[in-house]
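Colleague: Okay, sequence plus prediction incoming.
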Amino acid sequence: MLVALHEFSEIVRYLNTRRSTGAVLALDSESDVQDALYVILRSWVRDLVWETPTDKVANRFTIRDFVSRSLRLVIEAKYVRDEAHGKAISKELHDDIEVYRHSPTCDTIIFFIYDPNALIPDGRELRRTIEESRTYAGRSLTCKLVIKP
């Protein structure tokens, strides 16, 4: 699945330059990115379900973009909309980790960030902090980060 996510830009490029005429895949919002990801990943993950609420943690819940119960996996899609969001994305990802670490059905989180204008200040450092080893109450949580322009 990570291979498919790393090829996201090539897949979108192909769809937008294909031989036949038709709709172009515009990626102008987070929901556009989610739609493209679902089309790409659904054939790889048969039980992929979109927009599933989490259990309440600290009197709040979040909506997981995609879940595979069989793989014990959550995929979170992000679209960097402006420079301020590019600078704040690290906090957003860490907040998501804090929520998902309490989920007994999540062993892996894949964060897919579409950053069309390269507004994340230091993608390498962000990857290092997100992908570091995590253990909570003896349970391991694996986090992966894919950033695509």
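Modeller: Right, received. Where do you want to start?
Colleague: can you give me the helices in the protein?
Modeller: Secondary structure of the chain (DSSP state H): helices at 2-6, 8-16, 30-41, 83-100, 123-130.
Colleague: Relative to I109, which of the ones you listed is closest?
Modeller: For I109, the closest of these is helix 83-100, at 5.4 Å, according to C-beta to C-beta. Heads up, the C-betas are built off the backbone N, CA and C, glycines and all.
Colleague: so what secondary structure elements neighbour that closest one?
Modeller: Helix 83-100 sits against strand 73-79, strand 108-114, helix 123-130, strand 139-148, with contacts defined as 3 or more C-beta pairs under 8 Å, 6 or more residues apart in numbering; DSSP states H and E.
Colleague: switch to 10 Å and redo it
Modeller: Judged by 3 or more C-beta pairs under 10 Å, 6 or more residues apart in numbering; DSSP states H and E, the packing partners of helix 83-100 are strand 63-68, strand 73-79, strand 108-114, helix 123-130, strand 134-136, strand 139-148.
Colleague: so what strands line up beside the fifth one?
Modeller: Sheet pairing here is set by DSSP bridges, and for strand 134-136 it gives strand 139-148 (antiparallel).
Colleague: what's across from the closest residue to T135 other than its chain neighbours in the sheet?
Modeller: Of all residues not flanking T135 in the chain, L141 sits nearest, at 7.4 Å (C-beta to C-beta, 6 or more residues apart in numbering). Beta bridges link L141 to R134, judged by DSSP bridges.
Colleague: Check V146 too.
Modeller: Note on V146: beta-bridge partners by DSSP bridges are F112.
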